[in-house]
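**Q** pasting the sequence and the predicted model now:
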Amino acid sequence: MKALIFAAGLGTRLGSITQTMPKALVEVGGEPMLKRVILKLKDSAIRQIVVNVHHHADMIIDYLKINDNFGLDISVSDERDALLDTGGGLLKAKDLLGTDSPILLHNADILTDFNLEEMIAHHQSSKADVTLLVADRQTSRYLLFDDSMHMKGWTDIRSGEIRSPWNPEEIGGCRNLAFGGVHIVNPSVFPLLAKFSRDPKFSITPFYISSCRDLKICGFMPDEPYNWIDIGKPDSLKAAQNIV
């Protein structure tokens, strides 16, 4: 298993905090989020990691160098010329990641303490093409899953919009679950991903929505209770300080 940490984002929701630093280096409990994610991956026996960079890229590159890459094989996918979002970012990092093993994708702004090894084992045993961390929590946009936890589409409950390659009767009884910013993809998805968008910048979520009939995309819910928070907003960043 290899990993890609999405650390290129602008972090505009954090206002003045990210005017002088990348969101990935914002501290929670005295430790930068990037360090927390890297050590979580290291604890799960992942040794090869790619970190994508754009906003204040030099600060992340220097931080990794100063910390000797935390004893891991860490490469940087440089997006300083153009921020590519998650789908484009994964494609950009393909040559650094290789195509010989699954890739765990982790947003740098997600603070969570669930058992990552459990998710990895679930991905391997389910023979899924993609495994998504999901939860039954309140949000406005949800992924749709059937009783077997196979993804069937997406919905925005504010507008009532539904997107799915499946017929309406096939998604009628689906469950709404929120995506948690941690996912595992098999390298076999790269050919479809490369054909998905003519624009090099694109989100991976629309790709999952359009491909969930052709690919086995499964949801994963940890067995044990766990903490999860997106630190990308001032109020959630403040709340995160109380759970570490």
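**A** Happy to help now that I have it.
**Q** C-terminal to the longest strand belonging to the chain, what's the next element?
**A** Across the chain, the strand with the greatest residue count (assigned by DSSP state E) is strand 175-185. Next helix or strand after strand 175-185 toward the C-terminus (DSSP states H and E): helix 190-196.
**Q** before we move on, the earlier item: what are the pairing partners of the longest strand of the chain, and which direction each?
**A** When pairs are called by DSSP bridges, strand 175-185 turns out to pair with strand 103-107 (antiparallel), strand 130-135 (antiparallel), strand 141-145 (antiparallel).
**Q** minimum distance to P200: which of the ones you listed has it?
**A** Each of these was scored for nearness to P200 using C-beta to C-beta, and the closest is strand 103-107 (17.7 Å). Where you see a C-beta, it was placed from the backbone N, CA and C, and this is true even at glycine.
**Q** who touches the closest one?
**A** Outside strand 103-107, the residues that touch it by C-beta atoms under 8 Å, 6 or more residues apart in numbering are 1-6, 37, 40-41, 46, 86, 90, 97, 116, 120, 181-187, 204, 230.
**Q** and it, how far from the chain's centre?
**A** Chain-centre distance of strand 103-107: 5 Å, with C-alpha atoms, centre = their mean, to the nearest Å.
**Q** same check on stretch 57-70?
**A** Using C-alpha atoms, centre = their mean, the offset of stretch 57-70 from its chain centre is 21 Å.
**Q** for that stretch, which positions count as buried?
**A** By neighbour count on 16 or more other C-beta atoms under 10 Å, the buried set for stretch 57-70 is 57, 60, 63-64.
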